[in-house]
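Engineer: return atomic coordinates for the entry below.
(chains A and B)
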Amino acid sequence: MPGESPLDRASLRRRPLLGGLLAGLAAPWPGFAAATPAPAVDRETLVVGVEKDFQSLDGLVVASGDSQRYAWSVFDTLSSFDSAGHLVLRLATDVAIAPDRLSYTYRLRSGVKFHNGATMTSRDVKASLEYILRPENRSSRRPFFAPFVAGIDTPDDLTVVFRLTQEDGVFVNKIAGYLLIAPADHLASASAFAQAPVSLGAWRVKSLKPGRALELERFEDYWGPKPAIRNLVFRVIPEPGSRVAALRTGEIDIAVVVPLPDTKALRAEPGLHVLAAPMASPLHVHLYTEQPDSPLSRREVRQALNYAIDERAIIDSVLDGVGEPLATFISRYYPYSTDPALAPYPYDPEKAQALLKQAGYPGGFATKLYSPNDQPVELAEAIAAYWEQVGVKAAIQRMDYESWLKLMNAHKAEPMAITQSTNTIYDAVHPVSGHFYPGGPYADYFNPEVKALVDDVNHTYGAEARGQVFQKIGRILHDDASSVFISELYYVYAWKQGLNWSPQIGSGFLDFRAARWA
Amino acid sequence: MRRLAGSVATILLASLVIFVLIRLVGDPTHLMLPPEATDDDRALLRQELGLDRPMVVQYATFLFDLLRGDMGESFSYRQPALPLVISMLPPSLMLAGAAMLMAVALGVPWGLLAAYRPDGWADRTGRVFAVLGQSGPPFFVGLLLIRLLSVNWRLLPTSGYGDVTHLVMPAFALSWYSAAGLLRLTRASVTEALRSDYILTARIKGVSDRAVLLRHALRNAALPIITFTSSQFGILLGSAVSIEAVFAWPGFGKLIVDAISQLDYTVVQAGVVVAAVLFIAINLCTDILCAALDPRIRLGS
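Structural biologist: Okay, the predicted model is just below:
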């Protein structure tokens, strides 16, 4: 209808019957009993409601998206990231990089005990990385190390040297994010290790009940500050509404990945903390720009698609206000990499129409927009509704995540697809090179300037220097409209007010080492 | 013997169909490896998983291993698929069994009363329940129960697997649909039986209403009810997925659905074979029960 905002129409469709019913059930009812502030079990126990089952606990093998719930509790690493993503040493006391950048020497803490009582040595570090590298172990981390690692030396029990075949500017981040340390003698059987891993974390595995729970108990010989929580229990509650209900009744102490429609209602409830934590995961529309006859090969068209969208309104309406307009492909929640002066494209449909006219598409054009089912369909509908206002008619191709992923991996989700990238190592190199470097798994946009800068960043070391290169890349991607930038993504957490805890910023890793009941 | 051969053929056919279908859905290496993985990385992983061999060879290997009771290792759980699937059966059977008992306890007496006094209070309320039961999705009933009984009134735990308090809500939510179906079927079957000549004869002979209803009408109406109930048990097992998710119930259905979404071939294959065996066993039990109730039915005839 003329004069109608695209979101007026999109919002009519934004919650189908099922979503509306669930949201209605989530809202407080008359006679509603307020959340229970007391611990679910006792003051030494923390019960966390999680969204996915624990299938394998082999943190050296499974993808970060699966291990992030338990990895920092059960395992430990040579170095890691603080709550804002800065590198910090943990099991290592020092790291030295050779002048040729082809070897990294880590000095280890002495006397650090594994859960089985053995003492950590450089042999365990070597065995852990070799375990990742062996193809038969099917590690999701192997592709990050195999092209770079030439060998691992252990000159003494407390020194380990990683020799590389080529420079890798982000190797220290990979060691922090991917190399969980396990005892060499326990890595012989991958199946056994997957069910009962042994490492150096603050808790050790007490029991794993598939489909039900993972129970951890405090490791009294843990090398670091002793956590206040003795028993850490992860309860598997896949249905978001049930997870929230369990928090309200006090059966769990923390609910992770709270459904966005529940956020507002939970914030209004006494006795609960609710926090939306950024994931450093830019939600965007991926564009295939390399077909010369495609409208998307024209920069003006890509810019027009960005100007045509009111990101703030989409966030408020579709994402229930949980989001933040995105200026470029690189999230601002990496500890470096982002130019704070870079602003998101403003909503300017007139300018969008002018740019389309300038590009030779005064009446717009027809296109397709792939939308995987891990994103709300209303997001694609809202984007398409905005574009329609400037003449671009996008037919939405909704599909299951696996099929969509297969298309993306085969570079066949053209001409455009809604997607996001995730962060594990707090450095933008993987998402950037994956999407924009020739040969990258999702590289469907090429820019020689970006390629040259990515080549640079592979030989650039240190947060400040790498940050400068990434800021240049971010500016180019913004100006050239490499993608249609939508929003930063957030996970919402809710927990009882009596619990002192805060979630990690910039990733989904759960860290309870400093959690305590007030 | 013929029945046994038929059962084996059914299992083989089910395993073949799922073996081919799950491979047509997608390649698990796309999900198991990060985007940064190269085509070579994926090829190496496919080789490790044995997926690089021709499908005929893969299926022959699968059948050979099946004879030894080995259905491979789960890609996701990294443990043998068959014991994993079997370990999830008891909670599912418990849930479906409890739901079935609730459905029978609710639907059969209610249907009987409705048939005994057409347009009476039981019949009128029964019609409303039948419509609600067959139109209200079990998961929604489940969420409603959680809201009322757990969050508002704090009578039962919201979800989980433990004692009988954890079973009440999921079993009731799951039984909702079947109870309504049983009510309608019982009412219709008993109503038809009550119109029969042998019922008229019994009444003329002075048999009491109670005996007419329970000993003659219900017994003669029992065959379709038992057949329906047994088919419902299979349906309940299969449709418990949403209830298992809502109530965090560690069941067989959710395991298989998750395995499909993760393209965990071995778990899906093991799940389908186990389900086929289970359904064949349920059908066999039903036939035996029907034969016991009705002498005209003879096994194998």
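
Engineer: check contacts around residue A:499.
Structural biologist: A:39, A:46, A:253-254, A:273, A:515-518 (CB atoms under 8 Å, 6 or more residues apart in numbering or on different chains). C-beta: built from backbone N, CA, C; applies to glycine.

Engineer: which among those residues count as buried?
Structural biologist: Buried members of these, counted by 16 or more other CB atoms under 10 Å in any protein chain shown: A:39, A:46, A:253-254, A:273, A:515, A:517.

Engineer: for residue A:372, give me its contacts.
Structural biologist: So residue A:372 contacts A:399-401, A:404-405, A:417-419 (CB under 8 Å, 6+ apart).

Engineer: what is the burial count for residue 168?
Structural biologist: No chain in the question, so chain A it is. Neighbour count of residue A:168, defined by other CB atoms under 10 Å in any protein chain shown: 23.

Engineer: nope, chain B please
Structural biologist: 17.

Engineer: got the contact list for the closest residue to residue B:236 other than its chain neighbours?
Structural biologist: Computed as CB to CB, 6 or more residues apart in numbering or on different chains, the closest residue to residue B:236 that is not its neighbour in sequence is residue B:96, at 4.3 Å. Residues near residue B:96 by CB under 8 Å, 6+ apart: B:174, B:233, B:236-237, B:240.

Engineer: can you tell me which of those are in helices?
Structural biologist: Assigned to helices by DSSP state H, the following of the contacts of residue B:96 qualify: B:174, B:233, B:236-237.

Engineer: can I get those residues in a markdown table including pLDDT and neighbour count?
Structural biologist: Formatted as a markdown table, the ones in helices among the contacts of residue B:96 follow (pLDDT from 0 to 100; neighbours: other CB atoms under 10 Å in any protein chain shown):
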| residue | pLDDT | neighbour count |
| --- | --- | --- |
| B:174 | 93 | 31 |
| B:233 | 83 | 22 |
| B:236 | 85 | 26 |
| B:237 | 83 | 25 |
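
Engineer: check contacts around the residue of the stretch 1-150 of chain B found nearest chain A.
Structural biologist: Nearest residue of the stretch 1-150 of chain B to chain A, counting by CB to the nearest CB: residue B:78, 3.7 Å away. Counting by CB under 8 Å, 6+ apart, residue B:78 touches A:55-56, A:58, A:61, A:190-191, A:194-195.

Engineer: same check, this time on residue A:514
Structural biologist: A:227, A:500-501.

Engineer: residue A:352 now?
Structural biologist: Counting by CB under 8 Å, 6+ apart, residue A:352 has contacts A:303-305, A:307-308, A:390.

Engineer: of the residues you listed, closest to chain B?
Structural biologist: residue A:305 (23.5 Å).

Engineer: check which helix or strand covers the closest one.
Structural biologist: In the assignment (DSSP states H and E), residue A:305 maps to helix A:299-307.

Engineer: packing partners for that helix?
Structural biologist: Judged by 3 or more CB pairs under 8 Å, 6 or more residues apart in numbering or on different chains; DSSP states H and E, the packing partners of helix A:299-307 are helix A:349-358, strand A:483-496.

Engineer: assign a three-state SS to residue A:282, would you?
Structural biologist: Assigned with DSSP: H, G, I helix; E, B strand; the rest coil, residue A:282 falls in the strand class.

Engineer: can you tell me which residues contact it?
Structural biologist: A:326, A:328-331, A:420-421, A:431, A:485-489.

Engineer: who does it bridge with?
Structural biologist: residue A:488 (DSSP bridges).

Engineer: and it, how far from residue A:488?
Structural biologist: Shown here: residue A:282 relative to residue A:488, a distance of 7 Å by CB to CB, to the nearest Å.

Engineer: which residues do those two both contact?
Structural biologist: A:326, A:331.

Engineer: follow-up on the earlier one: keep the contacts of residue A:372, but drop any that are not near chain B.
Structural biologist: A:400-401, A:405 (CB under 8 Å from any CB of the partner chain).

Engineer: who touches the closest residue to chain B within the stretch 251-400 of chain A in this structure?
Structural biologist: Going by CB to the nearest CB, chain B is nearest to residue A:251 of the stretch 251-400 of chain A, at 5.9 Å. Going by CB under 8 Å, 6+ apart, residue A:251 touches A:40, A:47, A:235, B:157-160.

Engineer: wait, a strand at it?
Structural biologist: No. Looking at residue A:251 with three-state DSSP, it is coil, so not inside a strand.

Engineer: look up phi and psi at it.
Structural biologist: phi -70, psi -30 (degrees, to the nearest 10).

Engineer: can the contacts of residue A:499 go into JSON lines with extra columns for secondary structure?
Structural biologist: Formatted as JSON lines, the contacts of residue A:499 follow (three-state DSSP):
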{"residue": "A:39", "secondary structure": "coil"}
{"residue": "A:46", "secondary structure": "strand"}
{"residue": "A:253", "secondary structure": "coil"}
{"residue": "A:254", "secondary structure": "strand"}
{"residue": "A:273", "secondary structure": "strand"}
{"residue": "A:515", "secondary structure": "coil"}
{"residue": "A:516", "secondary structure": "strand"}
{"residue": "A:517", "secondary structure": "strand"}
{"residue": "A:518", "secondary structure": "coil"}
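
Engineer: and those residues, which is the shakiest by pLDDT?
Structural biologist: Least confident of the contacts of residue A:499 in the model: residue A:518, at 89.

Engineer: give me every residue that touches that residue.
Structural biologist: Taking CB under 8 Å, 6+ apart, one finds A:498-500 in contact with residue A:518.

Engineer: roughly how far does it sit from residue A:49?
Structural biologist: Taken as CB to CB, the span from residue A:518 to residue A:49 is 20 Å.

Engineer: kindly report the same for residue B:35.
Structural biologist: With CB to CB as the criterion, residue B:35 and residue A:49 are 29 Å apart.

Engineer: the more surrounded of these two?
Structural biologist: For residue B:35 versus residue A:49, the count of surrounding residues by other CB under 10 Å is larger for residue A:49: 31 against 18.

Engineer: surely residue A:61 meets residue A:190?
Structural biologist: Yes. Counting by CB atoms under 8 Å, residue A:61 touches residue A:190, with 7.1 Å between them.

Engineer: quick revisit: quick one: buried residues of the helix or strand where the residue nearest to residue B:236 lies?
Structural biologist: Element membership for residue B:96, per DSSP H and E: helix B:89-116. Neighbour-count burial for helix B:89-116 flags B:89, B:91-92, B:94-96, B:98-100, B:102-104, B:106-108, B:110-116 (criterion: 16+ other CB under 10 Å).

Engineer: tell me the pLDDT of residue B:230.
Structural biologist: Value listed for residue B:230 in the pLDDT field: 82.

Engineer: can you get me a residue count around the closest residue to residue A:374 other than its chain neighbours?
Structural biologist: Distances taken as CB to CB, 6+ apart place residue A:401 nearest to residue A:374, at 4.8 Å, with adjacent residues excluded. Per other CB under 10 Å, the neighbour tally for residue A:401 reads 14.

Engineer: where does the stretch 201-301 of chain B have low pLDDT?
Structural biologist: Along the stretch 201-301 of chain B, the model assigns pLDDT under 70 to residues B:295-301.

Engineer: list the contacts of the residue of it at minimum distance from chain A.
Structural biologist: Residue nearest to chain A within the stretch 201-301 of chain B (CB to the nearest CB): residue B:250, separated by 2.9 Å. By CB under 8 Å, 6+ apart, residue B:250 lies in contact with A:209-212, A:236, B:88, B:91, B:161, B:244.

Engineer: same thing but 7 Å
Structural biologist: Listed by CB atoms under 7 Å, 6 or more residues apart in numbering or on different chains, the contact set of residue B:250 reads A:210-212, B:88, B:91, B:161.

Engineer: list the helices and strands the helix or strand where residue A:215 lies packs on?
Structural biologist: Assigned by DSSP H and E, residue A:215 belongs to strand A:213-218. On a contact count with 3 or more CB pairs under 7 Å, 6 or more residues apart in numbering or on different chains; DSSP states H and E, strand A:213-218 meets strand A:203-209, strand A:231-236.
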